[in-house]
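Trainee: Need a 3D model of the following:
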Amino acid sequence: MIKLFLFDIEGTTTDIKFVHDVLFPYAEKCMEEFVIKNQDQPEVAKALSEVQQTIEEEEGIKANVDGVIKKLLHWIDIDRKHGSLKELQGLIWTSGYLKNDFKGHVYEDVKPFFLRILDRGCKIGIYSSGSVHAQKLIFGYSVEGDLTPMISYYFDTKVGGKKEKASYQNIAQEVNLSPAEILFFSDIPEELAAARDAGLNVTQLLRPGATSSQFEGITDFRVYMSLL
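Mentor: Numbering: from 1, shown residues only. Alright, predicted model coming up:
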């Protein structure tokens, strides 16, 4: 019996275009001003120091603030999954959500499915490459209202890479369930393969633009509504 429904975000609960056409450009536009204004704030200073350390380790350069900003903007362009970039992006997005510059996108079938899951006594988890902070922002300031009270667990790449079997084993351990009691939804076959190899049940989401694979695929969550 499935006890935990685990969801990817991009391409699963949320349109990829929202992340790439709204969130990333917003962070890129605001990064320089944000860093200059907030560089003395403890969490910002810590992130900047970690970026400097990465630059020195990888390039042998001791970067100043201008150099760090340029590197952060480059990492946004190449979609590098660096923890400190994610931290700074999350802080910038927080400001954007609070100013109502945008709302987190979720597909219209997501909230009804969440409600059905909870009505059946099961739990909901999120596993995304975006930071837990960024995940909570998307669902907390979503077009469907605040969905965070529905969600019991959030996981990011601190638990491991999404294409690694061990990550899903770690998640099962953290929620104290057997892998067979978890159903993972994602649009990425490689993630589904890793989860399956860890013993999880898996289903592929085939949102607009997605490519089918060997995994069972659905176009939205309504097909599961009658099964719960």
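
Trainee: okay, CA-based contacts and neighbour counts for the rest of this
Mentor: OK.

Trainee: Who are the contact partners of residue 7?
Mentor: Residues near residue 7 by CA atoms under 8 Å, 6 or more residues apart in numbering: 13, 124-128, 184-186.

Trainee: Return the helix or strand in the protein with minimum mean pLDDT.
Mentor: helix 222-225 (a mean of 84; mean pLDDT, DSSP states H and E).

Trainee: buried ones in the longest helix belonging to the chain?
Mentor: Assignment by DSSP state H gives helix 42-59 as the longest helix of the chain. For helix 42-59, the neighbour count (16 or more other CA atoms under 10 Å) marks 44, 47-55 as buried.

Trainee: So which elements touch the helix or strand following it?
Mentor: Downstream of helix 42-59, the first helix or strand assigned by DSSP states H and E is helix 65-78. Applying 3 or more CA pairs under 8 Å, 6 or more residues apart in numbering; DSSP states H and E, we find helix 65-78 packed against helix 24-38, helix 42-59.

Trainee: nearest to residue 193, of the ones you listed?
Mentor: The closest of these to residue 193 is helix 24-38. By CA to CA, the value is 27.7 Å.

Trainee: then that closest one to PDB, C-alphas only?
Mentor: Output of helix 24-38 as PDB, limited to C-alpha atoms (Å, rounded to 0.1, in the frame of the first residue of the first chain):
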ATOM      1  CA  PHE A  24      15.700  32.300 -13.400                       C
ATOM      2  CA  PRO A  25      15.400  35.600 -15.300                       C
ATOM      3  CA  TYR A  26      14.100  37.300 -12.200                       C
ATOM      4  CA  ALA A  27      17.100  36.100 -10.100                       C
ATOM      5  CA  GLU A  28      19.500  37.100 -13.000                       C
ATOM      6  CA  LYS A  29      18.000  40.600 -13.200                       C
ATOM      7  CA  CYS A  30      18.100  41.200  -9.500                       C
ATOM      8  CA  MET A  31      21.400  39.400  -8.500                       C
ATOM      9  CA  GLU A  32      23.900  42.200  -8.800                       C
ATOM     10  CA  GLU A  33      21.700  44.800  -6.800                       C
ATOM     11  CA  PHE A  34      20.800  42.100  -4.300                       C
ATOM     12  CA  VAL A  35      24.300  41.100  -3.600                       C
ATOM     13  CA  ILE A  36      25.700  44.600  -3.300                       C
ATOM     14  CA  LYS A  37      22.800  45.700  -1.000                       C
ATOM     15  CA  ASN A  38      22.900  42.600   1.200                       C
END
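
Trainee: can you list contacts of the least confident helix or strand of the chain?
Mentor: For helix 222-225, using CA under 8 Å, 6+ apart, the contacting residues are 109, 113, 116.

Trainee: any idea whether residue 203 is helix, strand or coil?
Mentor: Following DSSP: H, G, I helix; E, B strand; the rest coil, we place residue 203 in the strand state.

Trainee: these two touch, right, residue 69 and residue 33?
Mentor: No: assessed by CA atoms under 8 Å, residue 69 is found out of contact with residue 33, at 9.6 Å.

Trainee: which of the two has more neighbours?
Mentor: residue 69 (21 against 11; other CA atoms under 10 Å).

Trainee: got a list of what that one touches?
Mentor: 31-32, 35.
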